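Q: attaching a predicted model along with its sequence, questions to come.
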Amino acid sequence: MKSFRKELWFDIPQRRAFINITSDVQRCLDDSGIREGLALVNAMHITASVFINDDESGLHHDFEVWLEGLAPHEPVSGYRHNVGEDNADGHLKRQIMGREVVVAITDGRLDFGPWEQIFYGEFDGGRRKRVLVKLIGE
Amino acid sequence: MKSFRKELWFDIPQRRAFINITSDVQRCLDDSGIREGLALVNAMHITASVFINDDESGLHHDFEVWLEGLAPHEPVSGYRHNVGEDNADGHLKRQIMGREVVVAITDGRLDFGPWEQIFYGEFDGGRRKRVLVKLIGE
Amino acid sequence: MKSFRKELWFDIPQRRAFINITSDVQRCLDDSGIREGLALVNAMHITASVFINDDESGLHHDFEVWLEGLAPHEPVSGYRHNVGEDNADGHLKRQIMGREVVVAITDGRLDFGPWEQIFYGEFDGGRRKRVLVKLIGE
């Protein structure tokens, strides 16, 4: 069994953003030499997500509005977590969008349907944060 | 390490439905000859889900009503994604229900608790769509 | 390829609770002798979750209030699933919080960011329930 590990680093100035990391993950797969197996891609921080959906800016706007409706940032004082913090909403938003994705590796490629793309979802930006790419297989 | 790959195809006439695919996945496992490992089952489309919950029609009705409350289909014009599309709500619903499940394979069986069943969740039907079953192990 | 399997048992008297199980999972990893691979940790019951977030009591209170807003327990009669049952809301809450986590195993450790902790989320307590820990690797 082969394994491969790499961290992807982000420093996103705004509070929230969606970043397409599909090509970064594919590059890890190329470097690993793994042809058959599983890829785990997860946020290493608990106010961030890794998820798979469409790379379409209108949809990303819809996600932003929708998540803000389900878990609003304001009023900051409405959350008990926000004692010296203001990111409770980010912990909640990340549960909706998910921590991680697991992707099949087939014939050296991410085994995707036609529109699947991997995104990093930032919900509490303004500092350096990481995504872990871990690949196992042969 | 052994690996196994199969696509399950669906063509669901209605917009939304939940389909029990547990026996299809178990059949893949039987065909693979894998006794110990992990099973990944994921939607290959971004307005569909694979999830594990109860096979009970009342609950499925509750899911439908609940998801429609959290991410309503109408008004279609309320989503920026819906330019020549009407499925933005399906992209959102799929985030709640999830893209994939990972299931332990133990002694050649899906290693499940008493009520766990795997479902395909369709949120934008009326065309052919796929689920990927990828198994790795020994 | 090595594999390891263990069930963690819970009997939580109250209806809902969050329990930190990180050290239990690390103990499984120690017992397994696996140095590189993947850890799957999943609820074996469909009104419970396994998720990764912060071990902070204020945040757990926020989760409780938030989930109760998104999928209220009352009125029990508002759910079709609740015929001889009263746990429909638990099935819904578990979809938000997730069934499982997959964690990278690197150098014999759970490969975590600085604040990642694994929790069992109970949404229908008062009886014995299980979490499955399945590890594969070398």
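A: Sure thing, it's come through.

Q: quick check: the residue of chain A nearest chain C.
A: Among residues of chain A, the one nearest chain C by Cβ to the nearest Cβ turns out to be A:Met44. It sits 2.9 Å away. (C-beta placed from N, C-alpha, C; glycine too.)

Q: just give me the residue right at the centre of chain A.
A: Closest residue to the average C-alpha location of chain A: A:Val50 at 1.9 Å, with Cα atoms, centre = their mean.

Q: which residues does that one contact?
A: With contacts taken as Cβ atoms under 8 Å, 6 or more residues apart in numbering or on different chains, A:Val50 has the following neighbours: A:21, A:41-43, A:98-101, A:118-121, A:131.

Q: at 7 Å instead, please
A: For A:Val50, the residues meeting the contact criterion (Cβ atoms under 7 Å, 6 or more residues apart in numbering or on different chains) are A:41-43, A:98-101, A:118, A:120, A:131.

Q: quick check: it vs A:Val102, distance?
A: 10 Å (Cβ to Cβ, to the nearest Å).

Q: swap in A:Tyr120?
A: For A:Tyr120, the distance to A:Val102 (Cβ to Cβ) stands at 16 Å.

Q: for A:Gly125, same thing?
A: Using Cβ to Cβ, which is the criterion applied here, A:Gly125 is 25 Å from A:Val102.

Q: could you do A:Asp31 as well?
A: Distance from A:Asp31 to A:Val102, counting by Cβ to Cβ: 19 Å.

Q: likewise for A:Arg130?
A: 18 Å.

Q: what of A:Gly84?
A: Here the distance between A:Gly84 and A:Val102 works out to 35 Å (Cβ to Cβ).

Q: those two - which one has more neighbours?
A: A:Val102 (24 against 5; other Cβ atoms under 10 Å in any protein chain shown).

Q: contact partners for the more buried one?
A: Taking Cβ under 7 Å, 6+ apart, we find A:Val102 in contact with A:38-40, B:40, B:100, B:102, C:102.

Q: just curious, which of those is nearest to B:Leu92?
A: B:Glu100 (17.1 Å; Cβ to Cβ).

Q: quick check, that closest one in contact with B:Ile46.
A: No: between B:Glu100 and B:Ile46 there is no contact under Cβ atoms under 7 Å: 12.0 Å.

Q: what about the residue in chain A positioned nearest to chain B, distance to B:Ala43?
A: Shortest chain A-to-chain B distance, computed as Cβ to the nearest Cβ: residue-wise this is A:Gly113, at 2.9 Å. Taken as Cβ to Cβ, the spacing of A:Gly113 relative to B:Ala43 amounts to 8 Å.

Q: re the thing from before, for the contacts of A:Val50, pick the one with the most neighbours.
A: Among the contacts of A:Val50, where neighbours are counted by other Cβ under 10 Å, the top count belongs to A:Val41, at 29 neighbours.

Q: in which helix or strand would I find it?
A: Mapping A:Val41 onto the secondary structure by DSSP states H and E places it in strand A:36-43.

Q: phi, psi of A:Pro114?
A: The main-chain torsion angles of A:Pro114 are listed as degrees, to the nearest 10 and equal phi -60, psi -30.

Q: what angle separates the helix ranked longest in chain A from helix B:57-70?
A: In chain A, taking DSSP state H as the definition, the longest helix is helix A:57-70. Orientation check (axes from the mean of the first three to the mean of the last three Cα atoms, to 10 degrees): helix A:57-70 against helix B:57-70 gives 100 degrees.

Q: which strands and helices sit next to helix A:57-70?
A: Secondary structure elements in contact with helix A:57-70, counted by 3 or more Cβ pairs under 7 Å, 6 or more residues apart in numbering or on different chains; DSSP states H and E, are helix A:88-97, helix B:88-97.

Q: pLDDT below threshold where in chain A?
A: Per-residue confidence of chain A (counting by pLDDT under 70) places no residue in a weak region.
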